[in-house]
Structure formats: structure tokens, C-alpha cells
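[1] Everything below, folded, please.
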Amino acid sequence: MESEPELIVFASRASMAERVADLVEGALASGIMRDGRGELAVSGGSTPEGLYRTLARRKFAWSDVTATLVDERWVGRDHPRSNEAFIREAFRGADMDIVGLYAAGKSPAPAAANDISSRLQRRKKPFDAVVLGMGEDGHTASWFPHAKGLDVALGAGDRVCAITAEKSAVTGEEVDRMTLTLSALSDAATIILMIAGENKRATFAKAKVAGPVEAMPVRAILRARPDLWVCWAP
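    Residues are numbered from 1 along each chain as shown. Next comes the predicted model:
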């Protein structure tokens, strides 16, 4: 019988942030020791915010770290829903290179994805640590259920792709996205899925059972990397 990810339960979001910070710091330290740089992939959202602020307060060799966004709404850094702006604010004080996925003046089409992919190819691969979140609809990164481009995001080869999600309460108005792919994330040394609240605990339980990936795309990473850390707090 194949192994499956287990839920690691924390008493509070603060205690979860501290433990995950230890994991991320350890993975980055190993990457720096091995390769001279640490490579981190980070997601937006309220759940990992405490983690990022915890990390930013720690004394670490941040100048030796590059943080790449896992996904981005197709908006500039001056937009209130920009993931890059959120990440830069949350990591304020950590002097590291941050790589966004938005290209000003371009539409979120394959051509823009190719430009961004070329930028990412200059980074070492794989990531040392990846931080993911999950929506109540079963999405992670910008792999939204039945989205246009989802087949590319979950296929082999490409590291980044354009996504057009079906508009919902989860997506909001910004349905055009750019996202790292399963190929770009699944071979990371350490992958952490951070979730919070009873609704997302129920979503995770549903995602673990048999069912189509297209309906709950988080299943793609759960099945590709059953050894990932799934961390939950109330």
C-alpha cells in the first residue's frame, strides 16, 4: 500500500509557525552549505504569514537566499492583492533576493511564461524548501480546479505556466495567474503544506481519498510527494 501524507496538528498557529520556521531554516542551511545559496519557494495567503515574519526575525544568512514566488495574480506590486508585495512586506528585514512572477506590460500568456521561465532557469534546481497553502476548493499554488492551463501546470517539462481560473469566491476578480508547476516544485528537498481552520482540515481529508486531480489539484503534490509536511493549526 502506498504511503500517504499525514496531518501534523499544532495547538496554535504561532507554534506551527515556529516549527515550520525550523524546518525551512534547516533546509536552507543545507542548501547553502552544499551549493553556496539557499533556494526557497513561497506562497501568499494569511496562513503562512506568521511563518514569514518569524523567519524574518531570525538571524540567518538571508543574503545567501533567493525566494521565488510560487504563484502570482496578474497584477503589479502596487496592487493590494499582489503576492509579491505581500511577501516583501512579510519578509521585511530579511535581506534576500525575491523573484516575482509578474511581467509588466505583458499578458499572462505562454509568451510571458517563457520569459519568466528563462529567468528561473538561471537559478539552481531543485528548491531547498517550498511553502504551500491550500484553499477550501482544493487548490494549491494557482492550480485551480478545472482551470485553463491546469494540464500544463501538472504536466512534465515546464517550470512556470499561465493559468486562467474559473471565477469563484476563492479566486476573486483576479482569475489570470502565473504559477510554478508541479515539475518545478515536486523535487524540492523539503515541501511544507500549511493549512489552518476546520474547513481546510476537512478539505485535506477529502483530498487524500481517491478522486480526480482536476477536481482537487492539491492531490497532485500529495501524490507526487507523500513525504511532504502537512501542518495544521486551528
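[2] what about residue 205, how many neighbours?
    When neighbours are defined as other Cβ atoms under 10 Å, residue 205 has 10 of them. C-beta here means a position set from N, CA and C on the backbone, and glycine is covered the same way.
[3] before we move on, which element is it in?
    Residue 205 belongs to helix 198-208 when assigned by DSSP states H and E.
[4] Likewise for residue 17?
    Short version, using DSSP H and E: residue 17 is in helix 13-35.
[5] Residue 51 now?
    Here residue 51 is assigned to helix 49-57, by DSSP H and E.
[6] right, and the helix or strand after that helix?
    Heading C-terminal from helix 49-57 (DSSP H and E), you reach strand 65-69.
[7] just the angle between that following strand and helix 13-35, please?
    Strand 65-69 and helix 13-35 are oriented at 120 degrees to each other (axes from the mean of the first three to the mean of the last three Cα atoms, to 10 degrees).
[8] List of residues touching the helix holding residue 205?
    Residues from elsewhere that reach helix 198-208 (Cβ atoms under 8 Å, 6 or more residues apart in numbering): 4-5, 7, 134-138, 195, 216, 218-219, 222, 230, 232, 234.
[9] Beyond that helix, next helix or strand please.
    Using DSSP H and E, the helix or strand that follows helix 198-208 towards the C-terminus is helix 218-224.
[10] Check which helices and strands that next one sits against.
    Packing partners of helix 218-224 (3 or more Cβ pairs under 8 Å, 6 or more residues apart in numbering; DSSP states H and E): helix 182-185, strand 190-196, helix 198-208.
[11] Indicate each strand paired with the helix or strand hosting residue 230 and its parallel or antiparallel sense.
    Here residue 230, judged by DSSP H and E, is contained in strand 229-233. Here strand 229-233 has these sheet partners by DSSP bridges: strand 7-9 (parallel), strand 190-196 (parallel).
[12] just the ones you listed: most buried one?
    strand 190-196 (a mean of 24; mean count of other Cβ atoms under 10 Å).
[13] and the helix or strand of the chain with the lowest mean pLDDT, how far out from the chain's middle?
    Every helix and strand of the chain was ranked by mean pLDDT, DSSP states H and E. The lowest is helix 110-121, at a mean of 76. In terms of Cα atoms, centre = their mean, to the nearest Å, the centre of helix 110-121 is found 18 Å from the chain centre.
[14] Show me what the helix or strand just after it is packed up against.
    Downstream of helix 110-121, the first helix or strand assigned by DSSP H and E is strand 129-132. If you count contacts as 3+ Cβ pairs under 8 Å, 6+ apart, strand 129-132 packs onto helix 13-35, strand 38-42, strand 190-196.
[15] picking that back up, residues of the helix holding residue 205 that come out buried?
    200, 201, 203, 204, 207, 208 (16 or more other Cβ atoms under 10 Å).
[16] likewise stretch 36-49?
    Neighbour counts over stretch 36-49 (16+ other Cβ under 10 Å) mark 37, 38, 39, 40, 41, 42, 43, 44, 45, 47, 48, 49 as buried.
[17] Can you lay out the residues you listed as TSV showing distance to residue 166 and pLDDT?
    Output for the buried residues of stretch 36-49, formatted as TSV (distance: Cβ to Cβ, whole Å; pLDDT from 0 to 100):
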residue	distance to residue 166	pLDDT
37	38	94
38	36	96
39	32	96
40	30	98
41	25	98
42	25	99
43	20	98
44	19	96
45	19	92
47	23	96
48	24	97
49	26	97
